[in-house]
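Asks: model this:
(2 chains)
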There are 2 protein chains.
Amino acid sequence: MTEFGLIDSIARMCETLPANGWEGIGDDCAVLPLGDEALVVSADMLAEGVHFLRHAAAAREIGRKSLAVNLSVVAAMGARPGATVLSLSLPQDAMDGWIEEFMAGYTELSAEHGVALVGGDTTASAAGITVNVTVFGRTPLANIKRRSAAVAGDIVAVAGRLGASGAGLRDILNGECDTPAAHAHMNPEAQIDEGIWLGGRAEVHAMMDVSDGVASDIRHIMERSGVGADIELEKVPADADLRTALCAGEDYKLLLTVAADGFAAVAAGFETRFGRPLYPIGSTTADAGVLRWLRDGRPTAEEFRGFVHY
Amino acid sequence: MTEFGLIDSIARMCETLPANGWEGIGDDCAVLPLGDEALVVSADMLAEGVHFLRHAAAAREIGRKSLAVNLSVVAAMGARPGATVLSLSLPQDAMDGWIEEFMAGYTELSAEHGVALVGGDTTASAAGITVNVTVFGRTPLANIKRRSAAVAGDIVAVAGRLGASGAGLRDILNGECDTPAAHAHMNPEAQIDEGIWLGGRAEVHAMMDVSDGVASDIRHIMERSGVGADIELEKVPADADLRTALCAGEDYKLLLTVAADGFAAVAAGFETRFGRPLYPIGSTTADAGVLRWLRDGRPTAEEFRGFVHY
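Replies: Purely as a prediction, here's the structure:
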């Protein structure tokens, strides 16, 4: 079974259970409406040897990154992250030194974003470190941005440049851990203020963060919204080769769709607020499930696929 | 560093962060007050080779147990469990067969208690299965039972018999996986209805669930409440030898303190509602931090200590 096969199978099992007021699996976060407000929740698990190598990354950076990727999904719902719960499975040789540095990085980034740490669990591990972060955010219910809210004819946009993280991973695997790209890979900056701001704009329809690459993640919006997408390759803001920018993932930039007649106003407001552009990279179409890569407005035979976990 | 040393160190770090409205580390669950209501949250991580052995336990039982221990901590706050988020780190050889059975057990127990599954994460693992469950419960804020609420002179009680789980673990380690005690170890029953009912009784002061053994867990109530405790050994409702009943843990029965002048009414109501007794096993004292084991009302030299994770 593949990871996506497993997720589908779990999602089908969930449908047999009561919802108890929650909007569950299928978006960046689960959503619990509480009157006019909403609580959003997500979890992310990192495993040594899969998401990080102990010898290749400083524990402090892993601590920061473990939190950053979780703050990112809350912002991608248009919500403000408020608290996390942290679970750690630790082999004996991580109990001195490694864990102090990890916690220093985690606490440091929590403080930078004013996020509480409200609980968790620690346990011994027979093999390797595993980290699980559960994150909580709150926002007015009307500001919640779902993957399912794109409509045909929307502008597809990204809120930052792509590819540095993928190029950095390649550097690290080549033993070059001190390059700017390697630094970007180990220190992703969640677009928290951007997500909250975009959450307040009604012109923004669907939103998510780019964890597996636009080539993979745009398909989640397409599937959940029942639309297709045309991506214009020359518009992709790439800080690496185009394939790395679209496929490598872990850039944690926001990917969104915006009503076509509202895009200019949102983009202008975004640039005024953040001093950086919102990048239009294509549009959604009525051809449900059809993803086309365009050059000079015409489909190319090039194919891009995002990161697959298994 | 020991696990408790690590937890203390993390708790100190947390104090430097904003609370954002949450009551955080120090109880079975974190509590987020929402008007007259409260949301409670807890997380529990299980690691292969530490919490379970793949060859010794059916995946379906591990799925049920992963959930049961989380439902138990919500009930121990006096709250009703409503939803969980599940993270799984899975080696390739668990992707066929094992994970389906695990999910069947998890879903089965979710359905039995009407609990939603609203999100999660799945990832590859380089070594061993790790499971993290985050659980959510809701209750009127006034019903929340904290470890810190015991006062000197309370009756200390347990809401069920102790020791079967510890005896069962011994059976399993001896290769006898089919005994009633082994079954009790692998299929703990969270006292959910009991916890919710006790949450509604103002005479109940402090409450928690027994995961590490009364000998260890009573110390958490003592520390958080600034009291001591006298435990009368002949009153402990033991389904195994006394040492196993007090020290082995994983019985997931509720441990609580009750105002002395209200105990008779609570115990009578409990027995009427559940057809089983509430067992008084001692009392809290004003000697903060002093735990005494009594026989015939007099201190003994016997010493009991609960499960230590590291």
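Asks: If you rank every helix and strand of chain A by mean pLDDT, what lands last?
Replies: The element with the least model confidence among the helices and strands of chain A, by mean pLDDT, DSSP states H and E, is helix A:3-15, at a mean of 80.
Asks: my guess is A:T122 meets A:L90, correct?
Replies: Yes - the pair formed by A:T122 and A:L90 meets the contact definition of C-beta atoms under 8 Å, at 6.7 Å. Where C-beta positions appear, they are placed from N, C-alpha and C, glycine not excepted.
Asks: Buried ones in the least confident helix or strand of chain A, by neighbour count?
Replies: Of the residues in helix A:3-15, those scored as buried under the neighbour-count criterion (16 or more other C-beta atoms under 10 Å in any protein chain shown) are A:3, A:6-7, A:10, A:13-14.
Asks: Which members of those residues additionally contact chain B?
Replies: Subset of the buried residues of helix A:3-15 in contact with chain B: A:3, A:6-7, A:10, A:13-14, counting by C-beta under 8 Å from any C-beta of the partner chain.
Asks: Dump the C-alpha coordinates for the longest helix along chain A into PDB.
Replies: Taking DSSP state H as the assignment, the helix of chain A that covers the most residues is helix A:59-76. Output in PDB follows, covering the C-alpha atoms of helix A:59-76 (Å, rounded to 0.1, in the frame of the first residue of the first chain):
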ATOM      1  CA  ALA A  59      19.300  19.500  16.700                       C
ATOM      2  CA  ARG A  60      18.300  23.200  17.200                       C
ATOM      3  CA  GLU A  61      17.400  23.500  13.500                       C
ATOM      4  CA  ILE A  62      15.400  20.300  13.600                       C
ATOM      5  CA  GLY A  63      13.500  21.800  16.600                       C
ATOM      6  CA  ARG A  64      12.800  24.900  14.700                       C
ATOM      7  CA  LYS A  65      11.800  23.100  11.600                       C
ATOM      8  CA  SER A  66       9.500  20.600  13.400                       C
ATOM      9  CA  LEU A  67       7.500  23.600  14.600                       C
ATOM     10  CA  ALA A  68       7.700  25.800  11.500                       C
ATOM     11  CA  VAL A  69       6.000  23.200   9.200                       C
ATOM     12  CA  ASN A  70       3.100  23.000  11.700                       C
ATOM     13  CA  LEU A  71       2.700  26.800  12.000                       C
ATOM     14  CA  SER A  72       2.700  26.800   8.100                       C
ATOM     15  CA  VAL A  73      -0.400  24.600   7.800                       C
ATOM     16  CA  VAL A  74      -2.400  26.700  10.300                       C
ATOM     17  CA  ALA A  75      -1.500  29.900   8.400                       C
ATOM     18  CA  ALA A  76      -2.500  28.000   5.200                       C
END
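Asks: so what does the helix or strand following that helix touch, helix or strand wise?
Replies: Past helix A:59-76, heading to the C-terminal end, the next element that is a helix or strand (DSSP states H and E) is strand A:80-90. Helices and strands in packing contact with strand A:80-90 are listed as helix A:59-76, helix A:98-112, strand A:116-124, strand A:130-140, helix A:192-199, strand B:30-34, strand B:37-47, strand B:130-140; criterion 3 or more C-beta pairs under 8 Å, 6 or more residues apart in numbering or on different chains; DSSP states H and E.
Asks: What's the mean pLDDT across strand A:80-90?
Replies: The average pLDDT for strand A:80-90 rounds to 96.
Asks: Could you please name the strands that strand pairs with and the direction of each pair?
Replies: In its sheet, strand A:80-90 lies beside strand A:116-124 (parallel), strand A:130-140 (antiparallel), with partners assigned from DSSP bridges.
Asks: related to what we said a few turns ago, could you dump the helices and strands packed on strand A:80-90 into TSV and include mean pLDDT, mean neighbour count and distance to B:A83?
Replies: What follows is those, written out as TSV (pLDDT from 0 to 100; neighbours: other C-beta atoms under 10 Å in any protein chain shown; distance: least, C-beta to C-beta, whole Å):
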stretch	mean pLDDT	mean neighbour count	distance to B:A83
helix A:59-76	96	25	17
helix A:98-112	95	19	24
strand A:116-124	92	23	16
strand A:130-140	97	26	12
helix A:192-199	98	22	23
strand B:30-34	94	20	14
strand B:37-47	95	23	10
strand B:130-140	97	26	5
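Asks: Between the ones you listed, which one is closest to B:C177.
Replies: Judged by C-beta to C-beta, the one of the helices and strands packed on strand A:80-90 that comes nearest to B:C177 is strand B:37-47, at 18.1 Å.
Asks: the inter-axis angle of the closest one versus strand A:130-140?
Replies: Relative orientation of strand B:37-47 and strand A:130-140, computed by axes from the mean of the first three to the mean of the last three C-alpha atoms, to 10 degrees: 160 degrees.
Asks: any residue of strand B:37-47 up close to chain A?
Replies: Yes - for strand B:37-47 and chain A, the contact criterion (C-beta under 8 Å from any C-beta) is met by B:39, B:41-47.
Asks: Give the residues shared as contacts by A:T122 and A:L90.
Replies: Among the neighbours of A:T122, those also in contact with A:L90 (C-beta atoms under 8 Å, 6 or more residues apart in numbering or on different chains) are B:L6.
Asks: so how far is the longest helix of chain A off the chain centroid?
Replies: 10 Å (C-alpha atoms, centre = their mean, to the nearest Å).
Asks: Show the contacting residues for the residue in the stretch 51-200 of chain A positioned nearest to chain B.
Replies: Each residue of the stretch 51-200 of chain A has a distance to chain B, by C-beta to the nearest C-beta, and the smallest belongs to A:A126, at 3.0 Å. Neighbour list for A:A126: A:91, B:47-50, B:128 [criterion: C-beta under 8 Å, 6+ apart].
Asks: All set now, cheers.
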